[in-house]
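S.K.: how would this look folded up:
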Amino acid sequence: MGLLPDRILRKDAIGVQITVTLKEDGVVINSTSLTTKEFIIVKPSGTSVTKAASFVTDGSDGKIRYTTLSGDLNEAGQYRLQANLVYTAGYSGRSEIGTFYCEENL
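M.R.: As a prediction, the model looks like this:
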């Protein structure tokens, strides 16, 4: 799984696009047949939330994303993220775990 925001995030940021490229053995997975695509996000406190992801294009590039809303990044610290995926035929399960950091504001 390729990860994540390529900039420093700040607590309470809204509209941050969290994008993941789904890969297996370094090769992008054509994901057009995904029927379920979600991000499980664990906040620094340990609170877990599940957010529906969407394709960046049509899924052939393996990219899925979620855009943060108010309250999503309400804690400073390290976040963990894992994609939950279901394809029409074949794989159903979770990706490897990625991390990103959200810094405190003044």
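S.K.: Quickly find the element holding the residue most central in space within the chain.
M.R.: In the chain, the C-alpha closest to the average C-alpha coordinate belongs to Phe39, at a distance of 4.8 Å (CA atoms, centre = their mean). Here Phe39 sits within strand 34-42, counting by DSSP states H and E.
S.K.: Partner strands of the strand or helix carrying Gln82 and their direction?
M.R.: Assigned by DSSP H and E, Gln82 belongs to strand 77-87. Within its sheet, and counting by DSSP bridges, strand 77-87 is paired with strand 34-42 (antiparallel), strand 92-103 (antiparallel).
S.K.: who touches the closest residue to Asp58 other than its chain neighbours in this structure?
M.R.: Nearest non-adjacent residue to Asp58, counting by CB to CB, 6 or more residues apart in numbering: Thr32, 6.0 Å away. From N, CA and C alone the C-beta is placed, and that goes for glycine too. With contact taken as CB atoms under 8 Å, 6 or more residues apart in numbering, Thr32 is in contact with 58-60.
S.K.: now swap in Gln82 and tell me
M.R.: Contacts here follow CB under 8 Å, 6+ apart; on that basis Gln82 touches 39-40, 94-98.
S.K.: looking at the protein, which helix or strand does the model trust least?
M.R.: Of all helical and strand segments in the chain, the minimum by mean pLDDT, DSSP states H and E falls on strand 23-24, at a mean of 88.
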